[in-house]
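>>> After the sequence you'll find the predicted model.
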Amino acid sequence: MPWISSAKEGRKRATSSWFNMASLSPLLVAVLCLLLALTGRLRAESCIAVYWGQNGYEKGLREACATGNYEYVLIAFLNQFGGGQIPQMNLAGHCVPSSGTCTFLSNDIRSCQENYNVKVMLSLGGGIGNYTLTSKDDAKEVATYIWNNFLGGSSFNRPLGNAVLDGVDLDIEGGGTDHYDDLVRYLKAYSTAEKKVYLSAAPQCVFPDAHLQPAIDTGLLDYVWVQFYNNWVCQYDPADPSRFKEAWRKWSVINASEVFLGLPASPAAAGSGFIDIGNLTRIVLPFVKKSEKYGGMMLWSRYDDWISGYSNLAKDYVCPDRRLYSISPTLVASSSV
Ligand SMILES: *[C@@H]1O[C@H](CO)[C@@H](O)[C@H](O)[C@H]1NC(C)=O
Ligand SMILES: *[C@@H]1O[C@H](CO)[C@@H](O)[C@H](O)[C@H]1NC(C)=O
Ligand SMILES: *[C@@H]1O[C@H](CO)[C@@H](O)[C@H](O)[C@H]1NC(C)=O
């Protein structure tokens with residue numbers, strides 16, 4: 001078929017995408033889209049991560065995934081661990097993990113993963129909690145606990161039931177600063193080719209981060225969502241974007257697979273740093289998208305996003321340009337039969 005050969009030319013021209021729709025005529029693009037839609041595999045990509053768990057009124061986990069707006073949902077938080085403490089989650093008004101009332105979330109987690117292609121991760125830390133790592137052995141113990149209670153291991157009282165989460169996020173904002181690099185190495189050691197353990201971190205936008213830099217410098221993190229809020233030194237300021245740009249330039253070249261723009265999902269979601277949708281799409285996204293490691297946007301939080309509708313407005317502009325016109329070879333192959 002003629003569009004197959006155009007696709008081959010497209011491959012030569014495109015640097016990072018296998019297939020470049022822009023090189024095809026509009027009619028062929030329409031036919032291709034129709035074929036893909038008929039096979040039920042055309043799905044708008046999402047490139048947004050969101051924190052869920054810290055507001056009982058934000059609705060369910062499955063409902064968050066069903067919006068189709070998110071690629072990652074970070075369950076917040078495991079906010080007590082380390083130093084010999086019994087690890088404990090806090091999920092605000094949703095349920096009480098230590099009493100076993102959160103195991104129903106396993107169905108939501110599996111639905112997010114299987115029906116909506118969302119990666120669901122456990123987030124450690126947060127603004128309020130009792131957490132610290134006192135030694136390398138302590139880090140190892142916490143890693144073992146997380147493996148057995150949230151990942152592929154087993155235990156009799158997994159707080160979220162038997163669903164296997166996709167990975168672990170570090171939002172370390174207090175406690176000691178040591179041994180998070182050890183924790184990252186121990187967690188990564190559980191990752192296998194069949195079942196990857198994804199790792200991410202949410203540093204403050206001041207570079208380097210006061211708590212997470214050693215963990216980031218391991219080079220083992222898949223995603224780093226930088227919090228460009230609550231911080232006048234580096235958040236976006238329309239009157240003077242230079243400090244934001246300078247901070248982004250530093251973050252955008254760290255040794256991690258992808259770097260995300262972390263923002264409040266509404267003016268009320270954080271003390272400062274909210275960017276209105278017009279300036280986000282006209283100014284800020286075009287700037288950050290120039291970075292090779294730009295992966296998308298992180299939002300605090302699901303509650304605020306649900307109220308404001310920010311991700312609804314932003315989602316079509318967020319994905320890196322390299323992903324806009326890329327279609328995986330299997331999709332093209334399946335629709336050509
Ligand atoms: C931290 O631990 C102390 C002592 O166990 C406790 O009194 C306090 O409520 C805990 N704080 C949080 C935020 O969980
Ligand atoms: C990034 O981290 C990986 C994994 O630790 C390491 O192999 C690689 O050398 C690092 N790259 C740079 C440029 O530091
Ligand atoms: C958007 O950015 C412009 C500067 O480029 C600024 O003057 C304006 O106040 C910003 N809008 C909002 C709502 O912050």
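The structure has been received and is ready for your questions. On a predicted model such as this, the values are computed, not experimentally measured, just so you know. Ligands and ions are numbered 1, 2, ... in the order given.
>>> any idea of the pLDDT on Thr103?
According to the prediction, Thr103 has pLDDT 98.
>>> residues in contact with stretch 252-260?
For stretch 252-260, the external contacting residues (CB atoms under 8 Å, 6 or more residues apart in numbering) are 49, 216-217, 219, 221-226, 251, 288, 291-298. (C-beta placed from N, C-alpha, C; glycine too.)
>>> Any of those residues buried? List them.
49, 216, 221-226, 251, 288, 291, 293-298 (16 or more other CB atoms under 10 Å).
>>> Find the centremost residue of the chain, please.
By CA atoms, centre = their mean, the chain has its centre lying nearest to Ala49, at 3.7 Å.
>>> Name every strand pairing with the strand or helix carrying it and say which way it goes.
Ala49 belongs to strand 48-52 when elements are defined using DSSP states H and E. According to DSSP bridges, strand 48-52 forms sheet pairs with strand 72-81 (parallel), strand 294-300 (parallel).
>>> For ligand 3, which of those strands is the nearest?
strand 294-300 (17.4 Å; CB to the nearest ligand atom).
>>> which other helices and strands contact the helix or strand following the closest one?
Next in sequence after strand 294-300, counting helices and strands by DSSP H and E, comes helix 302-308. Other helices and strands packing on helix 302-308, by 3 or more CB pairs under 8 Å, 6 or more residues apart in numbering; DSSP states H and E, are strand 48-52.
>>> what distance separates the strand it packs on from the centre of its chain?
6 Å (CA atoms, centre = their mean, to the nearest Å).
>>> Same check on stretch 307-322?
Chain-centre distance of stretch 307-322: 14 Å, with CA atoms, centre = their mean.
>>> which ones are touching the closest residue to Ser191 other than its chain neighbours?
Once flanking residues are discounted, Ser191 sits nearest to Val197: 4.0 Å by CB to CB, 6 or more residues apart in numbering. Contact partners of Val197, counting by CB under 8 Å, 6+ apart, are 151-152, 166-168, 187-188, 190-191.
>>> Just the buried residues of those.
Looks like the contacts of Val197 have 151, 166-168, 187-188, 190-191 buried, using 16+ other CB under 10 Å.
>>> Helices - which of these land there?
Judged by DSSP state H, these include 187-188 as members of helices.
>>> ok, now how distant is the residue nearest to Gln80 when sequence neighbours are not counted from Tyr131?
Distances taken as CB to CB, 6+ apart place Gln88 nearest to Gln80, at 3.9 Å, with adjacent residues excluded. Going from Gln88 to Tyr131 by CB to CB, to the nearest Å gives 10 Å.
>>> intersection of neighbour lists for these two?
Common neighbours of Gln88 and Tyr131 (CB under 8 Å, 6+ apart) are 79-81.
>>> for the closest residue to Ser200 other than its chain neighbours, phi and psi?
Using CB to CB, 6+ apart and skipping residues adjacent in sequence, the residue nearest Ser200 is Tyr223, 4.0 Å away. Tyr223 has phi and psi values of phi -140, psi 140 when expressed as degrees, to the nearest 10.
>>> Would you double-check that Phe244 falls in a helix?
Yes: counting by DSSP: H, G, I helix; E, B strand; the rest coil, Phe244 falls inside a helix.
>>> which SSE is Ser291 in?
Judged by DSSP H and E, Ser291 forms part of no helix or strand.
>>> List the contacts of it.
Contacts of Ser291 by CB under 8 Å, 6+ apart are 248, 252-253, 259.
>>> Tell me the one among those nearest to ligand 3.
Nearest to ligand 3 among the contacts of Ser291, with distances taken as CB to the nearest ligand atom, is Trp248, at 16.2 Å.
>>> That closest one contacts Val288, doesn't it?
Yes: using CB atoms under 8 Å, Trp248 is in contact with Val288, at 6.0 Å.
>>> Need the residues touching each of those two.
Shared contacts of Trp248 and Val288, counting by CB under 8 Å, 6+ apart, come down to Leu261.
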